[in-house]
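Novice: Kindly generate the corresponding structure for this input.
(one chain, ligands or ions: 1)
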Amino acid sequence: MSTWLTFFYVGKNEGAFSEDARRVFIVNLFATVGVLFTLPLGLSSLYEGEVVLGVVLIFIAFLYSMNHIYLRYTHNHSVSGNFVIYPLYILMVYLIYTGGVHGTGHVWVYCLPAVALFLHGLKRGLIELGFFTLALVIVMFFMDSHFVEPDYHPTLKSRILFSFLVVIFLSAIYEYSMSRSNQELKETTAKLKLVANTDALTELLNRRGMMQRLEGTTYTSYHLLLADVDFFKRINDEYGHDVGDYALAELGKIIQKPLPKGGLASRWGGEEFLVAVCDCTELDAFNLAESIRQEVEEHEFVYLDQKFRMTLSFGVATMNEFTSLRETITLADNRLYSAKRAGRNQTRKG
Ligand SMILES: Nc1nc2c(ncn2[C@@H]2O[C@H](COP(=O)(O)OP(=O)(O)OP(=O)(O)O)[C@@H](O)[C@H]2O)c(=O)[nH]1
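Specialist: Next up, the predicted model:
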């Protein structure tokens, strides 16, 4: 990442495409642009003898610089956003009232809607802009602001007000369409993640989903139950592939049903299922495998006019601080195949 990007992400670049990182980036960008404008304008105001305006602008530049430091240490973009927008509202009212440098203060007011709507969203942003517009009307029409000076044409005030309202309207439409498309993007991403991690036939986690969950778990100890359907090829050969598919989907439901809280079930491969349970002893895990095995053994599978039975073999292994995930899977696999060799329809543990 280039240096200037790192500066705006304030080190929060690990998830550069996350909403948080994007907000940190933009708040920091607003603050930096703020410094780049207020500091030179403040210095030039001081130079031209506009002491109060100069001090105000330099103070805001200082505030925005501090904001960058605050953001760098906390990454709290919402508090930081307030530090950007509220001084900006006050500065704008001040500029409208005093006229700023040579009476040009009002030209800066048009940057407010975009910043307010981005930082505080459509609803809160519009409410705040409503209050600001009210302040604008009071300052321009009911106070002795610089607009009383004869240099201004009387229509200027109403033109400023209407053009400001138009900018609010256009910025609100833009913000609305942006937030809609962001929302849709988030929903689509969530759906895609779900599809990528789910087995379409059984609706259990697929291998990738299971690995992600196991690798991301905070538990240091859990038990793996690896199950394989006995002689599944015969089901396909005898009743056809559709019946085989139905049987796998049914098995998924039977396996999922008795899982304790926090338990995970996945379709690990063709006719293999991997279950993970935690917060229990190895004996509990063994008993769970046995109860699923018996449930399957007693279950009659019915598909149209076909009726048949199936059995499962299980290998159970425990993952703890001495074994890695991969080693535990291999261990469960070895035990599963020793259950197969011993005659199938049984559970093996260590
Ligand atoms: N219908 C269906 N069959 C599948 C699916 N995935 C794998 N299979 C079948 O599962 C069968 C697995 O056969 P094998 O590995 O020989 O094992 P088995 O017949 O179950 O015998 P053992 O495991 O030794 O007890 C193969 O016939 C695969 O075609 C699937 O998604 N649907």
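
Novice: okay, CA-based contacts and neighbour counts for the rest of this
Specialist: Will do.

Novice: Now do the contacts for residue 321.
Specialist: Taking C-alpha atoms under 8 Å, 6 or more residues apart in numbering as the contact definition, residue 321 lies against 220, 221.

Novice: sorry, that was for residue 61
Specialist: If a contact means C-alpha under 8 Å, 6+ apart, then residue 61 has 34, 35, 36, 38, 39 as its contacts.

Novice: Quick check on whichever residue of the stretch 251-350 of the chain sits closest to the ligand: phi, psi?
Specialist: Using C-alpha to the nearest ligand atom, the single residue of the stretch 251-350 of the chain nearest to the ligand is residue 270, 3.3 Å away. Backbone torsions of residue 270, given as degrees, to the nearest 10, read phi -40, psi -80.

Novice: now it: how far from residue 319?
Specialist: Distance check for residue 270 against residue 319: by C-alpha to C-alpha, to the nearest Å, it reads 24 Å.

Novice: Neighbour count: the two, which is higher?
Specialist: Neighbour totals were compared for residue 270 and residue 319, and residue 319 leads with 22 against 11 (other C-alpha atoms under 10 Å).

Novice: Against residue 25, how distant is that one?
Specialist: Applying C-alpha to C-alpha, the value for residue 319 to residue 25 is 41 Å.

Novice: repeat for residue 306
Specialist: Taking C-alpha to C-alpha, one finds residue 306 at 61 Å from residue 25.

Novice: and those two? which has more neighbours close in?
Specialist: Each of residue 306 and residue 25 has its neighbours counted (other C-alpha under 10 Å); residue 25 has more, 24 against 9.

Novice: tell me the mean pLDDT for stretch 301-321?
Specialist: Averaged over stretch 301-321, pLDDT sits at 95.

Novice: Likewise for stretch 139-148?
Specialist: Taken as a whole, stretch 139-148 carries a mean pLDDT of 86.

Novice: What lies in contact with that stretch?
Specialist: Residues outside stretch 139-148 that contact it (C-alpha under 8 Å, 6+ apart) are 93, 96, 97, 98, 99, 103, 157.

Novice: and these, which of them are in helices?
Specialist: With helices taken from DSSP state H, the overlap with these comprises 93, 96, 97, 98, 157.

Novice: burial count for the second one?
Specialist: Residue neighbour count, defined by other C-alpha under 10 Å, stands at 24 for residue 96.

Novice: I'd say residue 208 and residue 197 touch.
Specialist: Yes - Residue 208 lies in contact with residue 197 (C-alpha atoms under 8 Å); the separation is 5.9 Å.

Novice: Of these two, give the one with the bigger neighbour count.
Specialist: Neighbour count, other C-alpha under 10 Å: between residue 208 and residue 197, residue 197 has more, with 21 against 16.

Novice: what's the nearest residue to the more buried one if we skip its chain neighbours?
Specialist: residue 209 (4.1 Å; C-alpha to C-alpha, 6 or more residues apart in numbering).

Novice: so where is the stretch 151-300 of the chain shaky, pLDDT-wise?
Specialist: Along the stretch 151-300 of the chain, no part satisfies pLDDT under 70.

Novice: need the strands for it, in chain order.
Specialist: In the stretch 151-300 of the chain, the strands defined using DSSP state E, counting those that start in this stretch lie at 222-229, 264-267, 272-278.

Novice: what's near enough to touch the spatially most distant residue from the centre of the chain?
Specialist: Centroid-distance maximum for the chain: residue 150 at 54.7 Å, with C-alpha atoms, centre = their mean. The contact partners of residue 150, by C-alpha under 8 Å, 6+ apart, come to none.

Novice: Could you look up the SS state of it?
Specialist: Here residue 150 is recorded as coil under DSSP: H, G, I helix; E, B strand; the rest coil.

Novice: Next, give phi and psi for it.
Specialist: Main-chain torsions, residue 150, degrees, to the nearest 10: phi -70, psi -10.

Novice: Same question for residue 269.
Specialist: phi -160, psi -160.

Novice: now it, nearest residue through space, not along the chain?
Specialist: residue 207 (7.1 Å).

Novice: How many neighbouring residues does the one you found have?
Specialist: When neighbours are defined as other C-alpha under 10 Å, residue 207 has 18 of them.

Novice: Would you agree it is in contact with residue 264?
Specialist: No - using C-alpha under 8 Å, residue 207 is not in contact with residue 264; the gap is 11.6 Å.

Novice: in the helix or strand harbouring residue 113, what counts as buried?
Specialist: Assigned by DSSP states H and E, residue 113 belongs to helix 112-142. Burial within helix 112-142, assessed by neighbour count using 16 or more other C-alpha atoms under 10 Å, is assigned to 112-120, 122, 125-126, 128-129, 132-133, 135-137, 139-140.

Novice: repeat for stretch 209-228
Specialist: Buried-residue list, stretch 209-228, by 16+ other C-alpha under 10 Å: 209, 210, 211, 221, 222, 223, 224, 225, 226, 227, 228.

Novice: just the residues you listed now: which is nearest the ligand?
Specialist: residue 228 (6.1 Å).

Novice: quick one: contacts for the residue nearest to residue 269?
Specialist: Residues near residue 207 by C-alpha under 8 Å, 6+ apart: 197, 266, 267, 268, 269.

Novice: how about a cut-off of 10 Å?
Specialist: 197, 198, 199, 213, 266, 267, 268, 269, 273, 274 (C-alpha atoms under 10 Å, 6 or more residues apart in numbering).

Novice: Okay, and the beta partners of the closest residue to the second one other than its chain neighbours?
Specialist: To tie it back to what came earlier, the one meant is residue 198. With C-alpha to C-alpha, 6+ apart as the criterion, residue 198 has its nearest non-adjacent residue at 4.4 Å, and that residue is residue 205. Note on residue 205: beta-bridge partners residue 198, residue 266, judged by DSSP bridges.
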